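J.: I need the structure of the sequence given here:
(chains A and B)
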Protein chains: 2
Amino acid sequence: MFSKLIIATGNNNKYREFKQIISETAGNNFADEIIFAPELAHMTVNETGHSYSENSMLKATAWTQRSGLPCLADDSGLEVDALNGAPGLYSARTVQGNDNDKVSHLLSQLKGCSNRNAKFKAALCLCVPDEFILITEGLCSGTITESPRGSNGFGYDPVFIPDGYNQTFAELSGSIKNKISHRTDAFRKLKAILFK
Amino acid sequence: MFSKLIIATGNNNKYREFKQIISETAGNNFADEIIFAPELAHMTVNETGHSYSENSMLKATAWTQRSGLPCLADDSGLEVDALNGAPGLYSARTVQGNDNDKVSHLLSQLKGCSNRNAKFKAALCLCVPDEFILITEGLCSGTITESPRGSNGFGYDPVFIPDGYNQTFAELSGSIKNKISHRTDAFRKLKAILFK
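T.: Sure thing, here's the model as predicted:
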């Protein structure tokens, strides 16, 4: 499909996750070469959009402008029912600090709360220069644990148990996470449009 | 492809233009029913984006949210070389007033100027609820006349002569304009993705 595809992220964990999602969902048909180009992350994109879709588009189009190559970007968030959907769209920005700080903050907000339902949402945007911009959204429903468990993944993975499983995203293998995750759900929709 | 498709505009001229573009480019395969729903234009969408693509997306997603149906929106502008690309992205907003006022303002800016090269650019965004958002861009190159000619079309059509023709967009029949216009160029790319 594409000879070169850049994953628009400076985060190596996210890059490796996407590489696995693409290879498990589309085999080798999607891109000959999937590129990590953290040097292009130097200019931060202002994620000023009002939806995951808009933010993913701002990111993908900026990276395509910098590289001249097809770029795949994502924007995602965790929406917790008992917090009226927070941290949501602003997951990356609500709490200063690293992933551990964010997880701790979330657990303290949910202390004593019996409704632990939540969903991960993601929008993926594929920008192909002079051709098209394609955006899809995906989700993965689950529950929030009482304390962090596991060391795989990143972000809120250690406190999120996807429906139908007993382990958190950070305890499950990448291969299982990448069959059921919000990003995979969105990527399948993207593939469905492009390969039909 | 779609049983119902809303053209996201309150402008009847634009609606009819799109209806013609779709029928001439894709026959009856694109949508069973192409809907004009000016009552959904009541809440203006703030076209605050920094590109035609972003603006078309803001419009299409807002209309889909209001209607629950697939919506096709566009954002377009005229870029004049001698004015460094103005009025461009801000075509609709640079000059208060109606189409005539805008045309007069443009001609006065170009008075005595021998470089009359310009291009119309358009981004189309098709938003299909729970499935995808697809954006393509198109362009049509031409020159700006010394004075307005013709009464078809809208906007800057009376002063724009597309390359390869001697008449303005407002003198050419809708059927010819809709074979060569920036919107048609963008629509063909949209169709190429969806029908492959």
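
J.: residues from chain A in reach of chain B?
T.: Applying Cβ under 8 Å from any Cβ of the partner chain, one finds that chain A approaches chain B through A:51, A:53-54, A:57-58, A:61, A:130-137, A:189-190, A:193-194, A:196. From N, CA and C alone the C-beta is placed, and that goes for glycine too.

J.: 10 Å instead?
T.: Those residues of chain A that sit near chain B, judged by Cβ under 10 Å from any Cβ of the partner chain, are A:48-51, A:53-54, A:56-58, A:61, A:65, A:123, A:125, A:127-128, A:130-137, A:186, A:189-190, A:192-196.

J.: buried ones from those residues, can you make that a ChimeraX selection?
T.: To isolate the buried ones among these in ChimeraX, judged by 16 or more other Cβ atoms under 10 Å in any protein chain shown, type:
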select /A:49,51,53,54,56,57,58,61,123,125,127,128,132,133,134,135,136,137,186,189,190,193,194
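
J.: residue ranges with poor pLDDT in chain A?
T.: By pLDDT under 70, the low-scoring segments of chain A are A:43-45, A:47, A:91-96.

J.: in helices only, show me the residues of chain A next to chain B.
T.: Judged by DSSP state H, the residues of chain A next to chain B include A:53-54, A:56-58, A:61, A:65, A:186, A:189-190, A:192-194 as members of helices.

J.: check those and tell me the two furthest apart.
T.: Spatial extent of those (Cβ to Cβ) is set by the pair A:Gln65 and A:Ala192 at 27.0 Å.

J.: tell me the spacing between the residue with the largest distance to the centre of chain A and B:Ile35.
T.: Here chain A reaches farthest from its C-alpha mean at A:Gly112, the gap being 28.4 Å by Cα atoms, centre = their mean. A:Gly112 sits 50 Å away from B:Ile35, going by Cβ to Cβ, to the nearest Å.

J.: strands along chain A, start to end?
T.: All strands of chain A, identified by DSSP state E, fall at A:2-7, A:31-36, A:71-80, A:117-128, A:132-144, A:160-162.

J.: for A:Asn152, give me its contacts.
T.: Shown in contact with A:Asn152 (Cβ atoms under 10 Å, 6 or more residues apart in numbering or on different chains): A:13, A:17, A:158, A:167-174, A:176-177.

J.: what remains of those if I keep only buried residues?
T.: Applying 16+ other Cβ under 10 Å to those flags A:Glu17, A:Pro158, A:Gln167, A:Thr168, A:Phe169, A:Ala170, A:Glu171, A:Leu172, A:Gly174, A:Lys177 as buried.

J.: helices - which of those land there?
T.: Among the buried ones among the contacts of A:Asn152, the ones falling in helices (DSSP H) are A:Glu17, A:Gly174, A:Lys177.

J.: looking at those residues, which is nearest chain B?
T.: Ranked by distance to chain B (Cβ to the nearest Cβ), these are led by A:Glu17 at 21.5 Å.

J.: so that closest one touches A:Leu124, yeah?
T.: No. If you go by Cβ atoms under 10 Å, A:Glu17 and A:Leu124 don't touch, sitting 12.0 Å apart.

J.: mutual contacts of those two, please.
T.: By Cβ under 10 Å, 6+ apart, A:Glu17 and A:Leu124 have these common neighbours: A:Asp74, A:Arg183, A:Thr184.

J.: got CSV for those residues, with neighbour count too?
T.: Below are the shared contacts of A:Glu17 and A:Leu124 laid out as CSV (neighbours: other Cβ atoms under 10 Å in any protein chain shown):
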residue, neighbour count
A:Asp74, 24
A:Arg183, 22
A:Thr184, 23
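
J.: for these, which one is nearest chain B?
T.: Of the shared contacts of A:Glu17 and A:Leu124, the one sitting nearest to chain B (Cβ to the nearest Cβ) turns out to be A:Asp74, at 14.0 Å.

J.: isn't that closest one right up against A:Ala122?
T.: Yes. The pair A:Asp74 and A:Ala122 passes the contact test of Cβ under 10 Å, sitting 5.5 Å apart.

J.: overlap of the contact sets of the two?
T.: Shared contacts of A:Asp74 and A:Ala122 (Cβ under 10 Å, 6+ apart): A:Tyr52, A:Ser56, A:Gly138, A:His182, A:Arg183, A:Ala186, A:Phe187.

J.: what pairs with A:Ile144 across the strands?
T.: Here A:Ile144 sits in beta bridges with A:Phe160, as judged by DSSP bridges.

J.: contacts only, for it.
T.: By Cβ under 10 Å, 6+ apart, the neighbours of A:Ile144 are A:78, A:80-83, A:103, A:106-107, A:109-110, A:113, A:115-118, A:156, A:159-161, A:168.

J.: derive a PyMOL selection command for the buried subset of the residues you listed.
T.: Under the burial definition 16+ other Cβ under 10 Å, those of the contacts of A:Ile144 that qualify are selected in PyMOL by:
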select buried, chain A and resi 78+80+83+103+106+107+110+116+118+156+159+160+161+168
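
J.: let me see the contact set for the nearest residue to A:Glu54 once chain neighbours are set aside.
T.: Nearest residue to A:Glu54 in three dimensions, chain neighbours excluded: B:Met57, at 6.9 Å (Cβ to Cβ, 6 or more residues apart in numbering or on different chains). Taking Cβ under 10 Å, 6+ apart, we find B:Met57 in contact with A:49, A:51, A:53-54, A:57, A:133, A:135, B:49, B:51, B:73, B:75, B:123, B:125-127, B:133-135.

J.: cool, A:Glu171 as well?
T.: Applying Cβ under 10 Å, 6+ apart, the residues near A:Glu171 are A:Thr145, A:Arg149, A:Gly150, A:Ser151, A:Asn152, A:Gly153, A:Asp157, A:Pro158, A:Ile161, A:Tyr165, A:Lys177.

J.: and A:Gly153, how far from chain B?
T.: A:Gly153 is 26 Å from chain B, where distance means Cβ to the nearest Cβ, to the nearest Å.

J.: now swap in A:Arg149 and tell me
T.: Per Cβ to the nearest Cβ, A:Arg149 is found 32 Å from chain B.

J.: neighbours of that residue, how many?
T.: 16 (other Cβ atoms under 10 Å in any protein chain shown).

J.: test my guess that it contacts A:Ala170.
T.: Yes. With contact defined as Cβ under 10 Å, A:Arg149 reaches A:Ala170; the gap is 6.5 Å.
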